[in-house]
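S.K.: sequence first, then the predicted structure:
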Amino acid sequence: MGKQLEGQIALVTGSSSGIGAGIAVAFAEAGATVIINYHSDKSLTGAEEVLEKVKNAGANGVIHQCNISEEGDVMKMFAEILSQFGTVDIVVTNAGIQQDAPFLDMTLEQWNAVISTNLTGQFLCAREAAREFKRRGVIPERSKAAGKIICMSSVHEVIPWAGHVNYAASKGGVKLLMQSMAQELAPLKIRVNSLAPGAIRTRINKDAWDTPEDEKKLLELIPYGRIGEADDIGKAAVWLASDESDYVNGITMFIDGGMTLYPGFADNG
């Protein structure tokens, strides 16, 4: 993959497992120093395992605990990062959760928990990143941009998902959060884009692929015929964070094996 991110500092929220871990390792392989964020003590072991992979890739890395849905926690995390590294160049607002229920049974607590993490958390981390990028400006020897923000969306920013209205609403919100930030921050040479994974083989969606029967049913939704891996998202994140995508701003990159092509209509419906 090369060292497209050599000398840059990257924060990946929710990177103790799953897609976030895949991005953290891909960034390390591309030469970045990686800040691995985890939410609570139960995910510390995962964060330590990711840190080991980062170091095995020949990169520097550290671990930061933070509940990204809490403004005070986010501001403290950024203050500690800036104190330790002087600045940050790339922020991936990846942390997210699901709390599923039929719409008629969904509680306010379930709604608020998902919106607070998946949408408010991305807003808080992106805001602190943009403040630092504006303060520092462009350092040409590091990057053509003052900074890069990569939001984590989902195919469900465009595909409705019954039984998961809080999750789908959060990702629909991420779409316009990202586009509005990109529009506002572009004159500051800050690039903002989103990644929108489809079905990726991670712990959060294990029930959808952990038996041959479940996997066969899931593959009916994926024209390309395979389930994605965290590494698929990591490679795309490296490109979006690098100068190779310097003219790319305000897009959602779908990494879904064609799930958003509505495969049910492949035979004219």
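M.R.: Cool, the structure landed. Residues are numbered from 1 along each chain as shown.
S.K.: convert the lengthiest strand in the chain to CSV, retaining C-alpha atoms only.
M.R.: Looking across the chain with DSSP state E, the single longest strand is strand 190-197. C-alpha atoms of strand 190-197 as CSV (Å, rounded to 0.1, in the frame of the first residue of the first chain):
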residue,chain,number,x,y,z
ILE,A,190,-10.1,20.9,5.3
ARG,A,191,-11.4,17.8,3.5
VAL,A,192,-14.5,16.0,4.8
ASN,A,193,-15.8,12.7,3.3
SER,A,194,-17.7,9.6,4.4
LEU,A,195,-17.2,5.9,4.0
ALA,A,196,-20.4,3.8,3.8
PRO,A,197,-19.8,0.1,4.4
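S.K.: how far off centre is the next helix-or-strand element following it?
M.R.: Sequence-wise, the next helix or strand downstream of strand 190-197 (DSSP states H and E) is helix 212-219. In terms of C-alpha atoms, centre = their mean, to the nearest Å, the centre of helix 212-219 is found 25 Å from the chain centre.
S.K.: touching the helix or strand that comes right after helix 212-219 from outside, list them.
M.R.: Remark: after helix 212-219, the chain's next helix or strand is helix 230-241, criterion DSSP H and E. Outside helix 230-241, the residues within contact range by C-beta atoms under 8 Å, 6 or more residues apart in numbering are 1, 4-5, 8, 10, 18-19, 21-27, 29-30, 32, 90, 92, 148, 150, 193, 195, 197, 200-202, 245, 248, 253, 255. All C-beta spots, glycine's among them, are computed from the backbone N, C-alpha and C.
S.K.: and the helix or strand just after helix 230-241, what does it pack against?
M.R.: Using DSSP H and E, the next helix or strand after helix 230-241 towards the C-terminus is strand 252-255. Contact here means 3 or more C-beta pairs under 8 Å, 6 or more residues apart in numbering; DSSP states H and E; on that basis strand 252-255 packs against strand 190-197, helix 230-241.
S.K.: buried ones in strand 252-255?
M.R.: 252-255 (16 or more other C-beta atoms under 10 Å).
S.K.: of those residues, which is the nearest to Val165?
M.R.: Distance to Val165 across those (C-beta to C-beta) is lowest for Thr252, with 20.0 Å.
S.K.: and stretch 141-155, end to end?
M.R.: Distance between the two ends of stretch 141-155: 35 Å, counting by C-alpha to C-alpha, to the nearest Å.
S.K.: distance from the chain centre to that stretch, please.
M.R.: 11 Å.
S.K.: for it, give the mean pLDDT please.
M.R.: In this model, stretch 141-155 carries a mean pLDDT of 97.
S.K.: buried sites along that stretch?
M.R.: 142-143, 145-155.
S.K.: for stretch 228-238, same thing?
M.R.: Neighbour-count burial for stretch 228-238 [16+ other C-beta under 10 Å]: 228, 230, 232-238.
S.K.: let's see it as CSV, backbone CA atoms only.
M.R.: The C-alpha coordinates for stretch 228-238 follow below in CSV (Å, rounded to 0.1, in the frame of the first residue of the first chain):
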residue,chain,number,x,y,z
GLY,A,228,-16.7,-7.4,3.0
GLU,A,229,-13.7,-7.4,5.4
ALA,A,230,-12.5,-4.7,7.7
ASP,A,231,-9.4,-4.5,5.5
ASP,A,232,-11.6,-3.4,2.5
ILE,A,233,-12.6,-0.3,4.5
GLY,A,234,-9.1,0.3,5.8
LYS,A,235,-7.7,0.5,2.2
ALA,A,236,-10.4,3.0,1.2
ALA,A,237,-9.7,5.1,4.3
VAL,A,238,-6.0,5.3,3.5
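S.K.: average pLDDT for it?
M.R.: Per-residue scores along stretch 228-238 average to 97.
S.K.: where does this protein have its least confident helix or strand?
M.R.: Ranked by mean pLDDT, DSSP states H and E, the weakest helix or strand in the chain is helix 212-219, scoring a mean of 88.
S.K.: list the helices and strands it packs on?
M.R.: Short answer (3+ C-beta pairs under 8 Å, 6+ apart): helix 212-219 packs on no helix or strand.
S.K.: my read is that Glu71 contacts Cys125, right?
M.R.: No - taking C-beta atoms under 8 Å as the definition, Glu71 is not a contact partner of Cys125, at 10.4 Å.
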